[in-house]
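next comes the sequence, and after it the predicted model I'd like to discuss.
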Amino acid sequence: MAKVYTLEKFRNKRFVFKDRDHAGLVVASMLRPHYFKKSDSIALGIPSGGVPIAISIATTLQLPMDLLIIRKIPVPGNPEAGMGAITLGGQMFLNEALVERLGITPGEIHAQIERVKEELAIRDRLFRSGRPMPSLKEKTVIIADDGLASGFTTLAAVESVRDDGASYVVVAAPTGSDTAISRLEKVADEIYCPNIRSGLYFAVAEAYENWYDLEREEVIERLKTIGFLD
């Protein structure tokens with residue numbers, strides 16, 4: 001069971017971060033006592049929203065950084081909702097209970113997966129120039145995202161890096177639901193999430209005063225700024 005680090009002053013509160021940059025610095029400050037310049041550690045950001053978080057972590061902790069290309073599988077007719085997630089390498093996780101409750105057919109699932117695979121390939125080319133991933137064998141991997149709603153995307157990320165040889169997996173996100181934390185603490189080694197919220201309704205956006213979807217152009221520009229992309 002993962003050890004969970006949070007900030008009680010942020011518990012069940014909304015709009016606690018100015019923006020993703022501010023949120024990233026808060027998470028990085030929590031990680032710093034444990035992972036500053038720690039050898040054999042790497043931060044992996046989940047695009048798009050996880051990129052500013054990963055940049056803050058990598059910069060503050062002086063760690064190498066890369067991206068983990070992974071996407072949620074949208075619910076048919078409701079692209080904001082996810083019924084699972086799939087990685088660039090093909091690892092897939094479905095929320096079987098949700099699929100059954102919504103009556104989503106195998107054909108609909110297959111169609112959504114094919115669309116997501118196309119998007120994964122595009123993101124890998126745009127954000128990583130399609131280069132090989134660094135070796136994760138025997139490394140501590142810090143997986144960074146801007147929020148944990150259901151946790152299925154991050155669940156797939158954790159399993160993906162374990163399959164690639166990571167010896168220790170840390171989940172780092174500014175905000176998360178109780179449900180997601182409960183799901184992830186069964187598979188991760190540590191979780192850093194300053195703003196944990198409970199209740200039937202959860203939206204990542206409600207942790208941020210200034211929230212917007214990151215466009216590809218901004219992600220690319222941020223990665224160029226730190227020298228990740230030419």
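Received the coordinates, thanks.

so where's the longest strand in the chain?
The residue-count maximum for a strand in the chain (DSSP state E) belongs to strand 78-87.

elements contacting it?
strand 70-75, strand 92-94, helix 96-102, helix 106-128, helix 152-163 (3 or more C-beta pairs under 8 Å, 6 or more residues apart in numbering; DSSP states H and E). From N, CA and C alone the C-beta is placed, and that goes for glycine too.

at 6 Å instead, please
Contacts defined by 3 or more C-beta pairs under 6 Å, 6 or more residues apart in numbering; DSSP states H and E place strand 78-87 against strand 70-75, strand 92-94, helix 152-163.

which other helices and strands does the second one contact?
Put plainly, it is strand 92-94. Counting contacts by 3+ C-beta pairs under 6 Å, 6+ apart, strand 92-94 packs against strand 78-87, helix 152-163.

repeat that for 10 Å
Applying 3 or more C-beta pairs under 10 Å, 6 or more residues apart in numbering; DSSP states H and E, one finds that strand 92-94 makes contact with strand 70-75, strand 78-87, helix 106-128, helix 152-163.

what's the most buried one of the ones you listed?
Of those, the one with the most neighbours on average (mean count of other C-beta atoms under 10 Å) is helix 152-163, at a mean of 23.

roughly how far apart are N78 and R32?
N78 sits 38 Å away from R32, going by C-beta to C-beta, to the nearest Å.

excluding its backbone neighbours, what's nearest P52?
Counting by C-beta to C-beta, 6 or more residues apart in numbering, P52 lies nearest to R20, which is 4.0 Å off, once chain neighbours are set aside.

retrieve the pLDDT associated with the one you found.
pLDDT for R20: 98.
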